[in-house]
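**Student:** mind folding the following:
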Amino acid sequence: MEAFTNAVARGTDLLELDCHLTKDGHVVVSHDLNLLRQSGHNIRISDLNYSELPPYKERLEVTFYPGHFSTGSDRRIPELEEVFQRFPHMPVNIEIKEDSEELIKKVSDLVKRYQRSDRTVWASVSSTIMKKCRRENPDMPFSFTQARGLLLLVLFYTGLLPFVPLQECLVESVMPSIISRTFFPKSRIMQNRTLAKLMEKLMMRKSLIKHLQDRGIQIYLWVLNQESDFQKAWDFGATGIITDYPSSLGKFLASAAAR
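**Tutor:** Model (predicted):
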């Protein structure tokens, strides 16, 4: 919550978060399901009641910026409802990683209760999970899944993209040039620099980005924490940048806009 509060104060336009379900049914905000990295305790959120959740480590390495650490006074793992209450008008992107119908329904119920379907986005890499999310709350905008993203590239390079309807409103993608530099995928294949360069050539096309934006689809690149990466995303015409350092991004955007 402390990080979100700081981000909003720095002019952030969108909060991105992941949700999981505790043993007693609380929807909590946490990047990981297993709390070993975040808390030092090798246990899953789903195996604990909300009152049993351990606090974050006093000093936590930034996931997408190795060798850099974050600290804060508020080390609680918060509930999603707290985020909605604290930031009622802020758009929120919610990634669902678990194939849990109970989690999806509870997230949807909270979105409906706080009347924020128009500014809360479904996100998931899994098409199976996304279908369940959309079925539970079809009023929420949603992002491309991994499979739909691959299809998007196929349609673009075959020239068919202009003729195919798209219901998604966001593309959220890693910028391939940060792979094996600040982002280290779990898959060894994905860590291959040659593959990353190929992905860069295929994905980072200004014409593709412009086509999607002309159709009202926003493009967000993650997770960029250095000015050189901000500049690259800016040059490509990305709609937005997902970062762990909103103050640094804010300074860059102010400088870029003044040029």
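**Student:** tell me where this protein has strands.
**Tutor:** 15-21, 27-29, 60-61, 69-70, 92-96, 120-123, 170-174, 218-222, 240-241 (DSSP state E).
**Student:** and of those strands, who's closest to Gln146?
**Tutor:** When those are compared by CB to CB, strand 170-174 sits nearest Gln146, at 9.6 Å. In this view, the C-beta of every residue, glycine as well, is placed from N, C-alpha and C.
**Student:** who touches the closest one?
**Tutor:** 93, 121, 123, 141-144, 149, 152, 183, 203, 212, 217-223, 242 (CB atoms under 8 Å, 6 or more residues apart in numbering).
**Student:** go on, stretch 75-89?
**Tutor:** Contacts of stretch 75-89 (CB under 8 Å, 6+ apart): 1, 4-5, 8, 15, 17, 19, 26-30, 38, 45, 50, 53, 55-58, 92, 94, 107, 110-111, 114, 116, 119.
**Student:** how about that stretch: buried residues?
**Tutor:** Buried residues in stretch 75-89, counted by 16 or more other CB atoms under 10 Å: 77-81, 83-84, 87.
**Student:** ok, those residues vs Ile179, which is closest?
**Tutor:** Using CB to CB, the buried residues of stretch 75-89 come closest to Ile179 at Ile77, 28.5 Å.
**Student:** not counting sequence-adjacent ones, nearest residue to Glu58?
**Tutor:** Spatial nearest neighbour of Glu58, excluding adjacent residues (CB to CB, 6 or more residues apart in numbering): Thr71 at 6.6 Å.
**Student:** run a quick check on that neighbour versus Tyr56, I expect a contact.
**Tutor:** No - using CB atoms under 8 Å, Thr71 makes no contact with Tyr56, being 9.5 Å away.
**Student:** those two - which one has more neighbours?
**Tutor:** Using other CB atoms under 10 Å as the criterion, Thr71 and Tyr56 rank with Tyr56 on top: 20 against 11.
**Student:** name the nearest residue to that one, ignoring sequence neighbours.
**Tutor:** The nearest residue in space to Tyr56 (CB to CB, 6+ apart) is Arg75, at 4.2 Å.
**Student:** how about Asp18?
**Tutor:** Glu95 (4.6 Å).
**Student:** next, count neighbours for that neighbour.
**Tutor:** 17.
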